[in-house]
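this is the structure alone, sequence omitted:
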């Protein structure tokens, strides 16, 4: 598609279960980012991938959170043993590179609710 | 550490009024980038503008204009002759020149334009 695609759009899960969120970046974009947006809040940076470089994981809130990216395509954000405070919208974004000047495009997000 | 403050949590105006959304930032980076994004009810973040720290020229795009003042660390956004379709949450964001894409977001301003 033309934009950043995320799935699922909505996910309700029970506390303690693991969830996987998927992101398909815009074709050709080497940089991919994950952000979290809690209700009524701004976005929090979680992690970014740039080509074959080691990802910047400095924003991951705990070791329950991990993310992988296959080459320069799909990325998966995994949350293990979900907690209620993990309820949020998880937004993925991509850009041509992390060099300055490239527009960062966001997807519509995956709404996660932990009950 | 970087910080972005959007002091206005919510703004309500009547159509055709002008409205200014404030953004104040803090950073130790000498090179940095400022952004504005719009988040309509659909949830997707729509890129509006990017400005680098060396370019203090104001910019106008249709009904939108931006006032970047390095001296006061502000990057304010004005919508002229507002329309109902402008109703959304608006986010100001910042990233350092060496960590492009790792955005620090403000809390957002909810703009409601009434007919």
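Sure, I can see it. From a predicted model like this one, the values you see are computed outputs, not experimental measurements.

only C-alpha atoms from now on, for both contacts and neighbour counts.
Noted.

get me the contact residues on chain B for chain A.
Residues of chain B that fall close to chain A, judged by CA under 8 Å from any CA of the partner chain: B:42-47, B:50, B:91, B:97, B:99-108.

just the buried members of those?
B:43-47, B:50, B:91, B:97, B:100-108 (16 or more other CA atoms under 10 Å in any protein chain shown).

what ranges do the helices span in chain A?
Along chain A, no segments are classed as helices by DSSP state H.

any idea which helix or strand in chain B has the lowest mean pLDDT?
strand B:59-61 (a mean of 83; mean pLDDT, DSSP states H and E).

report all helices and strands that the very next helix or strand once past that strand contacts.
As assigned by DSSP states H and E, the chain's next helix or strand after strand B:59-61 is strand B:64-69. Judged by 3 or more CA pairs under 8 Å, 6 or more residues apart in numbering or on different chains; DSSP states H and E, the packing partners of strand B:64-69 are strand B:59-61, strand B:74-79.

could you give the backbone dihedrals for residue B:99?
phi -140, psi 50 (degrees, to the nearest 10).

how near is it to residue B:32?
9 Å (CA to CA, to the nearest Å).

can you check residue A:88 too?
28 Å.

the spatially most central residue of chain A: what's it in contact with?
The centre of chain A sits closest to residue A:34, judged by CA atoms, centre = their mean, with a distance of 3.1 Å. Residue A:34 sits next to A:45-48, A:77, A:90-93 when contact means CA atoms under 8 Å, 6 or more residues apart in numbering or on different chains.

before we move on, the earlier item: do you know which of the helices and strands packed on strand B:64-69 lies nearest residue A:9?
Checking those against residue A:9 by CA to CA gives strand B:74-79 as the closest, at 30.6 Å.

surely residue B:7 is in a helix?
No. Using DSSP: H, G, I helix; E, B strand; the rest coil, the assignment for residue B:7 is coil, not a helix.

thanks a lot, see you next time.
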